[in-house]
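Trainee: my questions concern the predicted model and sequence given below.
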Amino acid sequence: LADWSYSYSIDVFGAFLLIVALLAAIKQWNLLAGFMFSLSVVGRLSGAVTAPAFLYLLLTGKSPLKSSVKFALAAAPVFLLFLLDNWRMYGGPFELSYFHQAYIVDGALAIRSQKRLFSVNPLEGLTAIFFDRQLGFFVSYPVAAISYILGFGSWRRKQPRLAIACVAMGTAFVAFYAPYSGSIHNGGGMRHFHPLIELSAI
């Protein structure tokens, strides 16, 4: 239970950092956006799938080159420390903790990579993510789901860049987790999709 609470807290905090990064990017506060984005990714690596949305915001801003440089300068120190830490702990900068997960197998401790969990048929994964009778998005968070359906038109008219970025983020998260058995099929539930819930509030 303590481990589950810790994981849930990390997901919520990572989503908060991502939302702050998004709003900072919309406001052209690119140093803050880059720093918060890097923290959100280090906190929950799946946040990396939102990079195309941030690239879109940077390239469609007032000064794309200057914005991109500021964003990169703020993000680089956090990512560099993260890569150095991976190197120290696992022997390589891109050797992630997810590749070295501990499990009890037949009463003995075994180390396995979570890459093996990306084995679900993506169409089945999508169905579960949205419509699972206990954990699906439309069942677990109907208000968030309805806000996307009913609110997108006015959202797009008032803040088109924000709407496009949020759609890109949401699509990336759903596509990333569709083949992942841990998101729904192993009881992970919507904790992986907290950014979608916070985005619906925006």
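Mentor: Arrived safely.
Trainee: going by C-alpha atoms from here, please, whenever you check contacts or count neighbours.
Mentor: Will do.
Trainee: list the buried residues for stretch 193-202?
Mentor: 193-197, 199-200 (16 or more other Cα atoms under 10 Å).
Trainee: what residues does it touch?
Mentor: 11-12, 15-16, 18-19, 141, 144-145, 147-148, 166, 170, 173 (Cα atoms under 8 Å, 6 or more residues apart in numbering).
Trainee: let me see the contact set for residue 122.
Mentor: 175, 178-179.
Trainee: centre-most residue in the chain?
Mentor: Residue closest to the average C-alpha location in the chain (Cα atoms, centre = their mean): residue 47, at 3.1 Å.
Trainee: for that residue, which non-adjacent residue is spatially closest?
Mentor: residue 41 (4.7 Å; Cα to Cα, 6 or more residues apart in numbering).
Trainee: that neighbour: what secondary structure?
Mentor: Following DSSP: H, G, I helix; E, B strand; the rest coil, the label given to residue 41 is helix.
Trainee: my guess is the residue nearest to the centre of the chain meets residue 39, correct?
Mentor: No. Using Cα atoms under 8 Å as the test, residue 47 is too far from residue 39 to be in contact (9.5 Å).
Trainee: mutual contacts of those two, please.
Mentor: Both residue 47 and residue 39 are contacted by residue 14, under the criterion Cα under 8 Å, 6+ apart.
Trainee: hmm, back to that, hmm, the residue nearest to residue 47 is touching residue 50, no?
Mentor: No. Taking contacts as Cα under 8 Å, residue 41 lies outside contact range of residue 50: 9.1 Å.
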